[in-house]
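Enquirer: sequence and predicted structure are below.
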Amino acid sequence: MDLELRHLKTIRAIAEEGSLTRAATALGLAQPALSAQLKRIERSLGGPLFDRGRHGVRPTALGELVLDRARVLLPGVLELQRDAVRFARAWGGMPRFRLGGTHGPLLGGLIDRVATAHPATPVTAYTAWSVRELAGMVAEGRLDFALIGVCGDSRPPQTERLVWQTVGTDPVFVMLAAAHPLAERRRIDLRDLAGEHWTDVPGDGCFGDCFAAACVRAGFTPASVYETDSASCVHLAQVGRAVGLCRATFPPTPGLATRPLAGHPLSWRHLIGWHPESPAAVTASAATGYARAAHAEAARRSRSYREWLQAHPDFGTAPAPVAV
């Protein structure tokens, strides 16, 4: 016989009542039926759970063990049931699901998972280069969630108003033409790129300053930086006009190689944020899980990143909610 939650409730009732007769009354069972059920439970657990006496029943050592676990499991299951009901009502009551993010594959992965899991809830998306703009829209109630990135350990915007959870932390890789002489290396030292032109996407965070500081530590100042959209960055790298910085989860692209930088001098933290008092807040745990699943899938698609992660387990998809 497999142990079920109803069996734990039965054991708890017997212990609380201190008598099979009183427990049977509380459970709405006949006393012989309760006795027979208890015997089946005891056989499945390997021994007696109660000592019977003239004054009632008392838990055995095995019974105390089972009761200790039941006191944890039963409230946990009740809380799970309540959360599931709240979650279902929240999704069903939302007229739409509004996602915002900077340009990148993780936003698409999040949209796909939300739309698949909740086909009856329309999903809308808004993209912007500015993480401050996105955070402001969430704080003002114009977006439900924002998927953004920050450099290293930098704080995201609106921390006093929004809740932020880490989706994953990636090293910053370099992308260069597949025919570039350095593309054959497994990792590239930043100082070996001192003579290159660079390309990167715009943004209002501190990444530009962090990149400049990393170059100074490597002994050079970038000759030039073409700040443009993602597609143009890829093109400039493919034709050898520039090398670019990219997330380690950057998808495989013909004519392009992505390689880790030696010593991982730059890192990028993916975050998802929401307002704790918004109607969508009850769905935050699920939304965070969808975002992490999208990040894990993006990491799996990159062979160079998969290999890199084996030696750097502190990076990659966040395994559990982490407050920021």
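Expert: Sure, I can see it.

Enquirer: any idea which helix or strand in this structure has the lowest mean pLDDT?
Expert: helix 61-93 (a mean of 78; mean pLDDT, DSSP states H and E).

Enquirer: and whichever helix or strand comes after that one, average pLDDT?
Expert: Sequence-wise, the next helix or strand downstream of helix 61-93 (DSSP states H and E) is strand 97-101. What strand 97-101 shows for mean pLDDT is 92.

Enquirer: which strands or helices does the helix or strand just after strand 97-101 pack on?
Expert: As assigned by DSSP H and E, the chain's next helix or strand after strand 97-101 is helix 105-117. The elements that helix 105-117 packs onto, with contact taken as 3 or more CB pairs under 8 Å, 6 or more residues apart in numbering; DSSP states H and E, are strand 97-101, strand 123-127, strand 145-151, helix 284-301. (Each C-beta comes from the backbone N, C-alpha and C, glycine too.)

Enquirer: what's next to the longest one, contact-wise?
Expert: The set of residues that contact helix 284-301 without belonging to it, under CB atoms under 8 Å, 6 or more residues apart in numbering, is 87, 105-106, 108-110, 112-114, 117, 144-145, 147, 163, 165, 167-168, 170, 248-249, 251-252, 270, 272, 274, 280, 305-306, 309, 316-318, 321.

Enquirer: which of those residues are buried?
Expert: Among the contacts of helix 284-301, those buried by neighbour count (16 or more other CB atoms under 10 Å) are 105-106, 109-110, 113-114, 144-145, 147, 163, 165, 167-168, 170, 248-249, 270, 272, 274, 280, 305, 309, 316-318.

Enquirer: residue ranges with poor pLDDT in this structure?
Expert: Applying pLDDT under 70 to the chain flags residues 84-95, 320-324.

Enquirer: so which residue is dead centre in this structure?
Expert: Nearest to the mean C-alpha position of the chain, counting by CA atoms, centre = their mean, stands Arg292 at 3.6 Å.

Enquirer: next, the closest residue to Leu266 other than its chain neighbours: secondary structure please.
Expert: Setting aside the residues directly before and after it, Leu266 is nearest to Val172 in space (CB to CB, 6 or more residues apart in numbering), at 3.8 Å. On the three-state scheme (DSSP: H, G, I helix; E, B strand; the rest coil), Val172 is labelled strand.

Enquirer: circling back: looking at the helices and strands packed on helix 105-117, which is buried most?
Expert: The highest mean neighbour count among the helices and strands packed on helix 105-117, using mean count of other CB atoms under 10 Å, belongs to strand 145-151: a mean of 25.

Enquirer: name the strands paired with that strand and say parallel or antiparallel.
Expert: The strands beside strand 145-151 in its sheet (DSSP bridges) come out as strand 97-101 (parallel), strand 267-274 (antiparallel).
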